[in-house]
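>>> Only the shape, not the letters, is given here:
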């Protein structure tokens, strides 16, 4: 393989060559969806998120580490964001980051992968599985080797110690237990 090769074929898809890639800050969204009052959804994101993706020679040995700055949570509503940053939820003064470290690629089919790893929120670490869709690889007009992906999972926030809630007179609760995590991004080869 020549050193200027950007991509390679693997199991019928074009993937990036082995190397270390960083999440492109200009092309990424680390978002979430939560139920509100049992009738609607609130969407938000973490605006300060970094990730390092190591694409291995054997793609199934690839790995990811990601760090979200908890205080960067943004739902578009200042009072709600302040509450989410406080002690009832993320407690960003004590727990500045939310972290993910992959442990293995559990399965794959075409361009879809299941990535297992450990998610740490506050002081609680639990295993999660991300459904990852590899979106493609190539070279940008700026000469950077890149690839794109989307990923999602659902967690029970109470398993991470995020148990604050209010019972509603009409039944149910103010904030749903299940949180859907949605990630979209591009990664750029380093070095």
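Ah, there it is. Everything numeric here is computed off the predicted structure, so don't read it as measured data.

>>> So what's the residue count around residue 122?
For residue 122, the neighbour count with other C-beta atoms under 10 Å is 16. Every C-beta, even on glycine, is put in place using the N, C-alpha and C of the backbone.

>>> Spatially, which residue comes closest to it, not counting chain neighbours?
Nearest residue to residue 122, sequence neighbours excluded (C-beta to C-beta, 6 or more residues apart in numbering): residue 95, at 4.6 Å.

>>> List phi and psi for residue 82.
phi -60, psi -40 (degrees, to the nearest 10).

>>> sorry, back to before: run through the residues that contact the residue nearest to residue 122.
Applying C-beta atoms under 8 Å, 6 or more residues apart in numbering, we find residue 95 in contact with 70, 121-123.

>>> Assign it to helix, strand or coil.
Following DSSP: H, G, I helix; E, B strand; the rest coil, the label given to residue 95 is coil.

>>> which neighbours does the lowest-mean-pLDDT helix or strand in the chain have in its sheet, and in what orientation?
When the helices and strands of the chain are scored by mean pLDDT, DSSP states H and E, strand 40-46 comes last with a mean of 89. With DSSP bridges as the test, strand 40-46 is paired with strand 19-36 (antiparallel), strand 73-74 (antiparallel).

>>> and the shortest one, how far out from the chain's middle?
Okay, so that is strand 73-74. 14 Å (C-alpha atoms, centre = their mean, to the nearest Å).

>>> Could you do stretch 57-76 as well?
Put simply, stretch 57-76 sits 5 Å off its chain's centre (C-alpha atoms, centre = their mean).

>>> Likewise for stretch 16-34?
Computed by C-alpha atoms, centre = their mean, the separation of stretch 16-34 from the middle of its chain amounts to 8 Å.

>>> Name the residues of that stretch that are buried.
16-18, 21, 23-24, 28, 30-34 (16 or more other C-beta atoms under 10 Å).

>>> Mind checking the pLDDT average for it?
When pLDDT is averaged over stretch 16-34, the result is 95.

>>> just stretch 139-156 next, same as before
Mean predicted confidence for stretch 139-156 is 95.

>>> how close does the residue nearest to residue 122 get to residue 162?
According to C-beta to C-beta, to the nearest Å, residue 95 and residue 162 sit 11 Å apart.

>>> where do the contact lists of the two overlap?
Common neighbours of residue 95 and residue 162, using C-beta under 8 Å, 6+ apart, are 121-122.

>>> returning to that earlier point: tell me the buried residues in the least confident helix or strand of the chain?
Buried, per 16+ other C-beta under 10 Å, within strand 40-46: 42, 44-46.

>>> residues in contact with it?
The contact list for strand 40-46 (C-beta under 8 Å, 6+ apart) reads 29-36, 68-70, 72-76, 80-81, 84, 98.

>>> That'll do, ta.
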